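Model the structure of this input:
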Amino acid sequence: MNLEKATFAAGCFWGVEAHFRSIRGVVDAAVGYCGGTTTNPTYEEVCRKNTGHAEAVEVDFDPDTVSYEQLLDAFWNMHDPTTLNRQGPDVGSQYRSSIFVHNDEQRRLAEASKEQRNASERYKGSIVTEICDAPTFYRAEEYHQRYVEKNGGAACSM
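Sure thing, here's the model as predicted:
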């Protein structure tokens, strides 16, 4: 199996991870932090909003089963990409909407997808999702991994 990586930030990472894990062709997903300046940040540091990191999910997927475009569709549908640094009651730059691309093809597809969504007039406002190169992904503490699965479906709002 030839796996690829995709990394997304769409608010609280617990629900985002659970959503991606439910997609056929997603082999694994991990929650963590990326996009900031602090090396090996902790959850507490990210919550203090001084690391620059977003709560993110790194997805390992089989492109023969699920396409990157399908993952992008899931990403757009699981959150509100028009709210800057906010998803529901969760406020702060760690909850920003971001697509962290791993190669030029992912960048091309992500930008085309964003442009198509903006043109669709589906949203009341403009999409604020950032698209940037995938930085180092710092895996979150183990108690955050598969949080929804471990806690009987309890998750943050999306």
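
mind checking the SS state of P81?
coil (DSSP: H, G, I helix; E, B strand; the rest coil).

do you know how far it is from E141?
Applying Cβ to Cβ, to the nearest Å, the value for P81 to E141 is 27 Å. Heads up, the C-betas are built off the backbone N, CA and C, glycines and all.

State the helix or strand in which D73 lies.
helix 68-77 (DSSP states H and E).

In that helix, which residues are buried?
By 16 or more other Cβ atoms under 10 Å, the buried positions in helix 68-77 come out as 68, 70-72, 74-76.

likewise stretch 85-93?
86-87, 90, 93.

Please apply the same query to stretch 110-130.
Residues 110, 113-114, 117-118, 127, 129 are the ones in stretch 110-130 that count as buried (16+ other Cβ under 10 Å).

start to end distance for that stretch?
End-to-end span of stretch 110-130 (Cα to Cα, to the nearest Å): 10 Å.

So for that stretch, mean pLDDT?
Averaged over stretch 110-130, pLDDT sits at 94.

got it, and stretch 86-95?
On average, stretch 86-95 scores 93.

contacts for that stretch?
9-12, 33, 46-47, 49, 51-55, 79-80, 85, 97, 156-158 (Cβ atoms under 8 Å, 6 or more residues apart in numbering).

quick one on the thing from earlier: among the buried residues of helix 68-77, pick out the one closest to D28, please.
Nearest to D28 among the buried residues of helix 68-77: L71, at 13.3 Å, using Cβ to Cβ.

Surely that closest one and H19 touch.
No. With contact defined as Cβ atoms under 8 Å, L71 does not count as touching H19 (10.4 Å).

What residues sit buried inside stretch 34-50?
34-36, 41, 43, 45-46.

Turn these into CSV, columns for distance to D60.
Shown next, in CSV, are those (distance: Cβ to Cβ, whole Å):
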residue, distance to D60
C34, 15
G35, 19
G36, 22
P41, 22
Y43, 22
E45, 26
V46, 22
